[in-house]
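A.B. asks: What would the 3D arrangement of this be:
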Amino acid sequence: MERLGEFSKKECQIARMSRDPRFDGRFYIGVKTTGIFCRPICPANLPKEENVEYYFDKAQALQAGFRPCLRCRPDSAPSSWAWKGVETTFQRAVALIEQGALSHCSLGELAERLGISDRYLRKLFNHYLGMSPKQYALSYQLMFAKQLLHTTQLTITDIALASGFNSVRRFNDAFQQLLKLTPSQVRKQDIESDKTNFLDLAFRGPLDWQFMLGFYRLRAVEGLETVTDNSYQRTVMYGKERVWFRVSNPKSAIIRLEFQLDNMGLLRSLVNDVRRMLDLDCDVTLIEQQLTELEPDLIKQSGIRIPGVWSVWEAGVRAILGQQVSIKAAIGQLNLLVHTLQPNSVTNFPVPKDVAQADLSFLKMPQSRKETLKRFAEFMVDKQESSPEQWLEIKGIGPWTVNYARLRGSSEPNCFLDGDLVVKKALKQFSQLDVQSVSPWGSYATFHCWSHS
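C.D. replies: Residues are numbered from 1 along each chain as shown. Okay, here's the model as predicted:
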């Protein structure tokens, strides 16, 4: 039977006819009689089977000449899982392109970054998607722009910049050529300049939002992070650019991202970083199924994802201050550090240079830990792009600190903190858990162990 990515055409037909929400984002339906492509959950009248084509990615439907449906809005569908388990290099290339890599470097430079030739990179995209990397990049940019047109009050000029286009004319031409609509036709609303911009970020599977908020609330830096009954907000820095955002969970399968930023070119980076921080792209149903097969009683709360930290640097500071002390004591020292270095008002998390140049004698912790923090800051001044594994050369930093930074700063899925005191206690109850058995979901096993404390 002919297959479409992970599904057969028959399976796609059944899912389409039933409008099964479990398949939302996993494939798309091109309707030949209208020239429109839809999500499986589209409320429009169901077309006849002989009049449809199936695609496992939005970009493929666009390249085939279909324009996105204005009712079900394919741009707002959850990300597809069709590439899970395929060529690792291809997955890395897709991630980098979605982060805007081809907006500021050539295809050859991207290939070099991946350690392959540009010819092989084109071959990978042709094999998995039937299009070139540049075609995929353009499709992704335009679908992101369409989402901004629907859900924000940004001007079309700002949307063009936020989507990675250098000129409005180029944006308008590409939009009309590929989507068969003009930006003005998509946006049929008046702009309210005083309204906060927002985007709805889709995700698949359960999300224990209250667990995540509770985790952040217990570890919040006063004045920098604010956690309410249904939202988390903070200020972050991109170089010298300050950005504010708030995330909330207004309805099932949606995280609303409100934001304020001056440089609209940073918006795609913000979206990608928030998705990583909230772990919105994990297949939590699959993860919990595999962990339950290993230990039936491990999943006490379904929908636990990795509550990330904004940066690896911030995660490293939190980990050092948390060495061999309680969470309350660690956050007390973290607040003392941030507020002492910014006595008038907290505007951002301290950068490495701030900590490296500070006299840390005010911290109420062992001198050896103060010296470790100072060495770490000095190291990061020149090596902010270093991986946590490289920190092991710094005196006072061991595997627990490195793995905590990988877990929360990089949101790596396979960091099992078997040396953590709470995890060690849980292992007495869950004897089947170890680094090998929980792979590749060690990070989730760690959080589920913590949930039992």
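A.B. asks: Got the domain ranges for the protein?
C.D. replies: Per automatic domain parsing, the domain ranges recorded for the chain read 3-76, 88-186, 197-262.
A.B. asks: Might you report the residue contacts of the closest residue in space to residue 403 that isn't next to it in sequence?
C.D. replies: Spatial nearest neighbour of residue 403, excluding adjacent residues (CB to CB, 6 or more residues apart in numbering): residue 415 at 4.9 Å. For glycine as for every other residue, the C-beta is placed from the backbone atoms N, C-alpha and C. With contacts taken as CB atoms under 8 Å, 6 or more residues apart in numbering, residue 415 has the following neighbours: 403, 404, 406, 407, 442, 443, 446.
A.B. asks: Now render the domains of the chain as JSON lines, adding distance to residue 312 and mean neighbour count.
C.D. replies: Converted to JSON lines, the domains of the chain look like this (distance: least, CB to CB, whole Å; neighbours: other CB atoms under 10 Å):
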{"stretch": "domain 3-76", "distance to residue 312": "29", "mean neighbour count": "18"}
{"stretch": "domain 88-186", "distance to residue 312": "16", "mean neighbour count": "18"}
{"stretch": "domain 197-262", "distance to residue 312": "13", "mean neighbour count": "17"}
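A.B. asks: can you redo these as JSON lines with distance to residue 364 and mean pLDDT?
C.D. replies: As requested, the domains of the chain are exported to JSON lines (distance: least, CB to CB, whole Å; pLDDT from 0 to 100):
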{"stretch": "domain 3-76", "distance to residue 364": "48", "mean pLDDT": "87"}
{"stretch": "domain 88-186", "distance to residue 364": "40", "mean pLDDT": "90"}
{"stretch": "domain 197-262", "distance to residue 364": "17", "mean pLDDT": "93"}
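A.B. asks: To residue 450, which of those domains lies closest?
C.D. replies: Relative to residue 450, the nearest member of the domains of the chain by CB to CB is domain 197-262, separated by 8.8 Å.
A.B. asks: closest to residue 99 among the contacts of residue 415?
C.D. replies: Compare each of the contacts of residue 415 with residue 99 using CB to CB and the shortest gap goes to residue 406, at 19.3 Å.
A.B. asks: Residue 388 is in contact with that closest one, correct?
C.D. replies: Yes - under the criterion of CB atoms under 8 Å, residue 406 makes contact with residue 388 at 5.1 Å.
A.B. asks: what's the distance between residue 236 and residue 349?
C.D. replies: In this structure, residue 236 and residue 349 are 8 Å apart, going by CB to CB, to the nearest Å.
A.B. asks: and if you look at residue 69?
C.D. replies: 41 Å.
A.B. asks: Helix or strand: which one has the residue lying closest to residue 227 once chain neighbours are set aside?
C.D. replies: In space, and not counting its chain neighbours, residue 227 is closest to residue 217: 4.1 Å by CB to CB, 6+ apart. Under the criterion DSSP states H and E, the helix or strand holding residue 217 is helix 209-218.
A.B. asks: just checking, next helix/strand downstream of that helix?
C.D. replies: As assigned by DSSP H and E, the chain's next helix or strand after helix 209-218 is strand 225-227.
A.B. asks: Sheet-wise, list the partners of the following helix or strand past that following strand with their directions.
C.D. replies: Reading on from strand 225-227 to the C-terminus, the next helix or strand found by DSSP H and E is strand 231-238. When pairing is defined by DSSP bridges, strand 231-238 lines up against strand 225-227 (antiparallel), strand 241-251 (antiparallel).
A.B. asks: a markdown table for those strands, including distance to residue 396?
C.D. replies: Output for the strands paired with strand 231-238, formatted as a markdown table (distance: least, CB to CB, whole Å):
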| stretch | distance to residue 396 |
| --- | --- |
| strand 225-227 | 26 |
| strand 241-251 | 31 |
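A.B. asks: Residues contacting stretch 367-383, please?
C.D. replies: Stretch 367-383 has contacts (CB under 8 Å, 6+ apart) with 313, 316-317, 320-321, 323, 352-356, 360-361, 363, 386, 390-391, 394-397.
A.B. asks: Am I right that the residue nearest to residue 403 sits in a strand?
C.D. replies: No - looking at residue 415 with DSSP: H, G, I helix; E, B strand; the rest coil, it is coil, so not inside a strand.
A.B. asks: what about the strands in this protein?
C.D. replies: Along the chain, counting by DSSP state E, strands occupy 3-4, 7-8, 28-31, 36-38, 52-55, 67-68, 197-202, 225-227, 231-238, 241-251, 254-260.
A.B. asks: Which among those strands is found nearest to residue 286?
C.D. replies: Within the strands of the chain, the stretch nearest residue 286 is strand 7-8; the backing value is 15.6 Å (CB to CB).
A.B. asks: Residue 99 and residue 270 touch, don't they?
C.D. replies: No - at 11.1 Å, residue 99 and residue 270 do not qualify as touching, with contact defined as CB under 8 Å.
A.B. asks: if we can go back for a sec, looking at the strands paired with strand 231-238, spot the one closest to residue 143.
C.D. replies: Checking the strands paired with strand 231-238 against residue 143 by CB to CB gives strand 241-251 as the closest, at 21.1 Å.
A.B. asks: chain center to the closest one: distance?
C.D. replies: Here the centre of strand 241-251 is set off from its chain's centre by 13 Å, with CA atoms, centre = their mean, to the nearest Å.
A.B. asks: can you give me the angle it makes with helix 209-218?
C.D. replies: Regarding strand 241-251 and helix 209-218, their directions subtend 140 degrees when assessed with axes from the mean of the first three to the mean of the last three CA atoms, to 10 degrees.
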